[in-house]
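> Quick one, fold the following:
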Amino acid sequence: GGGGGFGYGAVNGYPGASADIGRMGVPKHIEGYWAKQNPNARGYVAFYRISADIDSELAEKKIRTLRNYYQFFKGKTGSMQVVVEKERVQVLYSLYCPSYRMDCSGKEGADPNGWVIDSPIKGLDVVVLFDGKGEMSATPFPDSPYDVK
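Okay, the predicted model is just below:
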């Protein structure tokens, strides 16, 4: 169990703005800053931040559900992403099952809570470990990476 922090955001393996938080245990907390660029000029038009706890017991149950979801696929190496859209922040855990090479069908009753979601990327299944909203400001937050003095 640990925390995940992210800064400026990046596009990394997900069809949206995200920042990979790397190999880690079950997250307990998320903290970070991000900004929306001005599409017509240099600079930013909005600034965001978040500092929130994550229900790590529920997150661990969701990760275990996905890791035990497949009937035949035995891959266990997953990844975590932080996905941002305006002030909305999601922490996702994903497993990639290459359906063109393997049988990626789920076990009967493997996901009774409906946590496993197909992503827009074929063969990638995800569970949402955190879904929340950060704060928004028209000016940089003090002590953020965008607060240039």
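> pretty sure A138 is touching A46, no?
Yes: between A138 and A46 a contact is recorded at 6.7 Å, counting by Cβ atoms under 8 Å. Where you see a C-beta, it was placed from the backbone N, CA and C, and this is true even at glycine.
> okay, those two: which has more neighbours?
Applying other Cβ atoms under 10 Å to A138 and A46 shows that A46 carries more neighbours, namely 15 against 8.
> how near is the more buried one to K86?
8 Å (Cβ to Cβ, to the nearest Å).
> what touches both of the two?
36, 136 (Cβ atoms under 8 Å, 6 or more residues apart in numbering).
> Can you get me a residue count around N113?
10.
> Please read off the pLDDT at it from the model.
On pLDDT, N113 comes in at 96.
> Just confirm it is within a strand.
No: with DSSP: H, G, I helix; E, B strand; the rest coil as the criterion, N113 is assigned coil and is not in a strand.
> wait, what's in contact with it?
Contacts for N113 were tallied using Cβ under 8 Å, 6+ apart; they are T65.
> I'd like to know how far it sits from V127.
Counting by Cβ to Cβ - N113 and V127 are separated by 10 Å.
> Next, show the common contact partners of these two.
T65.
> Quickly find the element holding the nearest residue to S94 once chain neighbours are set aside.
Excluding the flanking residues, the one nearest S94 by Cβ to Cβ, 6 or more residues apart in numbering is V126, at 4.3 Å. Assigned by DSSP states H and E, V126 falls within strand 124-133.
> Given that strand, what are its sheet partners and their directions?
Note on strand 124-133: by DSSP bridges, its sheet partners are strand 88-96 (antiparallel), strand 117-118 (antiparallel).
> what about this structure, any weak spots by pLDDT?
For the chain, applying pLDDT under 70 flags the ranges 1-24, 76, 149.
> can you map out the strands along this protein?
Under the criterion DSSP state E, the chain contains strands at 2-6, 18-20, 27-37, 44-53, 79-85, 88-96, 117-118, 124-133, 135-137.
> Perfect, that will be all.
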